[in-house]
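This is a predicted model, with the sequence first.
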Amino acid sequence: MTQVDRGRRPPLNCPVCNERLALTRLSCPACDTELSGGFASCEFCALSNEDREVLRVFLASRGNMKDLERHLGVSYPTARARFDSLLSKIGIDRPAAPSPTRVELMEQVARGEIDIEEALKRLESN
């Protein structure tokens, strides 16, 4: 019986032309049965080990972004950006957030989340 090395990951792209490789062969390590053909690959297979860990922690915490922030040891915005990047890699892009209203910007200033200069910049860019 052959052993499968769980630490190695197959390449995603062709080393010659850099096009995406197709999954065409599967084998059973227990009985050496092989199947050939065109198979769809998993959307999570292209994720790096680091991205898989982010996803695992997020799912284990039932979607709690604060838990993800603590696990990664980064600020909330950084954790959010990492998670948004992960979503993009698996084809789940979030729609752009609507521009904040003047009232929302003033509330952010009052809470100390942004300063007045930042609020003015955001008003000018709308």
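Received it, and whenever you're ready, just let me know what you need. Numbers count the residues shown, from 1 in each chain.

Show me which residues of the longest helix along the chain are buried.
Ranked by residue count and defined by DSSP state H, the top helix of the chain is helix 76-89. Residues 79, 82-83, 86 are the ones in helix 76-89 that count as buried (16 or more other Cβ atoms under 10 Å). For the C-beta atoms, the positions are set from N, CA and C on the backbone; glycine is no exception.

swap in stretch 60-76?
68-69, 71-72.

Could you tell me which of the residues you listed are located in strands?
Within those, no residue falls in strands by DSSP state E.

and the two most separated of these?
69 and 71 (7.4 Å; Cβ to Cβ).

Identify the contacts common to these two.
Counting by Cβ atoms under 8 Å, 6 or more residues apart in numbering, residue 69 and residue 71 have no shared contacts at all.

Need the CA coordinates for stretch 25-39. PDB is fine.
What follows is stretch 25-39, C-alpha atoms only, in PDB (Å, rounded to 0.1, in the frame of the first residue of the first chain):
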ATOM      1  CA  ARG A  25      -6.300  11.200 -12.800                       C
ATOM      2  CA  LEU A  26      -7.300   9.900  -9.500                       C
ATOM      3  CA  SER A  27      -5.900   6.900  -7.600                       C
ATOM      4  CA  CYS A  28      -6.700   4.900  -4.500                       C
ATOM      5  CA  PRO A  29      -3.700   4.500  -2.200                       C
ATOM      6  CA  ALA A  30      -5.300   1.300  -0.700                       C
ATOM      7  CA  CYS A  31      -5.800  -0.800  -3.800                       C
ATOM      8  CA  ASP A  32      -4.000   1.100  -6.600                       C
ATOM      9  CA  THR A  33      -7.200   1.600  -8.600                       C
ATOM     10  CA  GLU A  34      -6.800   4.500 -11.000                       C
ATOM     11  CA  LEU A  35      -9.500   6.600 -12.700                       C
ATOM     12  CA  SER A  36      -8.700   8.800 -15.700                       C
ATOM     13  CA  GLY A  37     -10.800  11.500 -17.200                       C
ATOM     14  CA  GLY A  38     -11.700  15.200 -16.800                       C
ATOM     15  CA  PHE A  39     -12.600  16.000 -13.200                       C
END
